[in-house]
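*Asks:* structure for this input, please:
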Amino acid sequence: MSTLQEYLLIDRVKESSLSKVIQPETERDRERLRIVALTVPFFLLAVFGALVPLVMMIRISVAEEFLRAVSGWTVAPYQQLFASVAAFLPVVGTELSAMISPTGESVSPVYGRTIWNSLWFGALTTISSVTLGVALAHGLEKYELPRKGLLVTLISFPISLPGIVAAFMMIVLFGRTGLLTNFLAVLSGIRPITLQLTGQPSGTALAILGLYFGYLYSMIPRATLLLRGTYAEVNTAAEEAARSLGATPIQTFRYVTLPQIRPGIVGAVILTFRTALAIFGTVLVLKSLSVVTFRFDQLIKVGYELNIASALATLFFVFTLCFTFVGLRYTSAEVAQ
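*Replies:* As a prediction, this is how the structure comes out:
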């Protein structure tokens, strides 16, 4: 076969392959075309909407220069963060912070306090949201409640609302002229503005309580809807057998239902805890607790410390990724049993 004939044969093969892609003849070719058409947009979104920003964030976190051009390499932002976390520790915090700090001196524990606030507040709201989500999902799935469709709509409605709306709702309740603030003022005989003074125990408690309910408002619907799907897989025959053997509703739930919905509970914990760490609008409006998302806003807008913000975001990305991976591995192991 001559070289010209080989080129002509290759062109025919290419034309045939291209025509199969553009105008598939068999059902298998059409299925492949549908898969490609669905995959390409998600691939582009993953690359340009997630991977590229993530790589740039990591690069800025270790860059010596980032204002005009990202150049050089340094781990000083990470050293400063770890030194701040060390400074937050009791007893040995100052000495350990000086050892880790890039300057050799102890730094402010502001980032350590911020990370601690994010973790404990996220854990508290996650436990509360999942507990209430289990109760709501159990009631919706196990009992014939009147107006169940309306109840489901009301429970899921907060998902469609931005966090800023939830924050203003909390201000109506817990603000200086809020309903709950005025109610407490009447009971205590203290002026509402005095109750809400920054630095006062009452003001701090009301501010954190407002943020707490703002978090719950956004997280309970997510936990409830996820757990409702888990309840659909529960073996009702085992529950009926336990009831027939004399088990109380609480015993039936504890020994029969709960083991079956445990993977769903773990999934709800993963979802709500990640949501708690990522909530921004509610935190930005209420400004009642220094958590990571609030600190991002301060770093970028006030101090323009983009390298510190990028390092903090990278650490929380790694933490969230590991937390999710461990949770999903546990869920997979539970389902496989």
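*Asks:* got any ranges where the stretch 51-200 of the chain has weak pLDDT?
*Replies:* Across the stretch 51-200 of the chain, the ranges flagged by pLDDT under 70 are 65-71, 175-178, 181, 185-200.
*Asks:* if we go to 90?
*Replies:* Where the stretch 51-200 of the chain drops to pLDDT under 90, the residues are 51-122, 138-200.
*Asks:* residue ranges of the helices in it, please?
*Replies:* Along the stretch 51-200 of the chain, the stretches classed as helices by DSSP state H, counting those that start in this stretch are 52-61, 76-88, 93-100, 110-142, 148-156, 163-174, 179-188, 192-195.
*Asks:* relative to residue 215, which of these is closest?
*Replies:* helix 110-142 (4.2 Å; CB to CB). Bear in mind the C-beta positions are built from the backbone N, C-alpha and C, glycine included.
*Asks:* show me how this structure divides into domains.
*Replies:* 3-61, 113-336 (automatic domain parsing).
*Asks:* adding mean neighbour count and distance to residue 82, write the ones you listed out as TSV.
*Replies:* TSV is the format used below for the domains of the chain (neighbours: other CB atoms under 10 Å; distance: least, CB to CB, whole Å):
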stretch	mean neighbour count	distance to residue 82
domain 3-61	11	13
domain 113-336	17	9
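*Asks:* any idea which of these gets closest to residue 85?
*Replies:* domain 113-336 (6.3 Å).
*Asks:* turn the helices of the stretch 51-200 of the chain into CSV, columns for distance to residue 250.
*Replies:* Shown next, in CSV, are those (distance: least, CB to CB, whole Å):
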stretch, distance to residue 250
helix 52-61, 46
helix 76-88, 41
helix 93-100, 45
helix 110-142, 11
helix 148-156, 23
helix 163-174, 33
helix 179-188, 33
helix 192-195, 40
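*Asks:* of the ones you listed, which is nearest residue 322?
*Replies:* Residue 322 sits nearest to helix 110-142 of all the helices of the stretch 51-200 of the chain, at 13.6 Å, using CB to CB.
*Asks:* give me the helices and strands touching the closest one, please.
*Replies:* helix 76-88, helix 148-156, helix 201-231, helix 258-278, helix 292-297, helix 306-336 (3 or more CB pairs under 8 Å, 6 or more residues apart in numbering; DSSP states H and E).
*Asks:* those: lowest mean pLDDT?
*Replies:* Mean pLDDT values for those show the minimum at helix 292-297, a mean of 67.
*Asks:* format the domains of the chain as JSON lines; extra columns: distance to residue 73.
*Replies:* Converted to JSON lines, the domains of the chain look like this (distance: least, CB to CB, whole Å):
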{"stretch": "domain 3-61", "distance to residue 73": "9"}
{"stretch": "domain 113-336", "distance to residue 73": "12"}
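*Asks:* figure out which of those is closest to residue 87.
*Replies:* For these, proximity to residue 87 was assessed by CB to CB; domain 113-336 is nearest, at 9.2 Å.
*Asks:* out of the helices of the stretch 51-200 of the chain, the one nearest residue 315 is which?
*Replies:* helix 76-88 (6.8 Å).
*Asks:* ok so, going back, just so I know, which of the helices of the stretch 51-200 of the chain lies nearest residue 326?
*Replies:* Closest to residue 326 of those is helix 110-142 (CB to CB; 14.9 Å).
*Asks:* in this structure residue 76 contacts residue 102, no?
*Replies:* Yes. The criterion here is CB atoms under 8 Å, and residue 76 meets it with residue 102 at 4.4 Å.
*Asks:* out of the domains of the chain, nearest to residue 92?
*Replies:* domain 113-336 (16.2 Å).
*Asks:* is it possible to get TSV of the helices and strands packed on helix 110-142 that adds distance to residue 111?
*Replies:* Putting these into TSV (distance: least, CB to CB, whole Å) gives the following:
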stretch	distance to residue 111
helix 76-88	4
helix 148-156	36
helix 201-231	20
helix 258-278	15
helix 292-297	7
helix 306-336	7
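*Asks:* any idea which of those helices gets closest to residue 142?
*Replies:* Judged by CB to CB, the one of the helices and strands packed on helix 110-142 that comes nearest to residue 142 is helix 201-231, at 7.7 Å.
*Asks:* tell me the gap between that closest one and the middle of its chain.
*Replies:* How far helix 201-231 lies from its chain's middle: 13 Å, per CA atoms, centre = their mean, to the nearest Å.
*Asks:* packing partners for it?
*Replies:* Using 3+ CB pairs under 8 Å, 6+ apart, helix 201-231 is in contact with helix 110-142, helix 148-156, helix 163-174, helix 179-188, helix 192-195, helix 258-278, helix 281-286.
*Asks:* again, 7 Å this time
*Replies:* Contact analysis of helix 201-231 by 3 or more CB pairs under 7 Å, 6 or more residues apart in numbering; DSSP states H and E lists helix 110-142, helix 148-156, helix 163-174, helix 192-195, helix 258-278, helix 281-286 as its packing neighbours.
*Asks:* could you dump those to CSV with distance to residue 222?
*Replies:* Shown next, in CSV, are the helices and strands packed on helix 201-231 (distance: least, CB to CB, whole Å):
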stretch, distance to residue 222
helix 110-142, 8
helix 148-156, 9
helix 163-174, 13
helix 192-195, 32
helix 258-278, 6
helix 281-286, 14
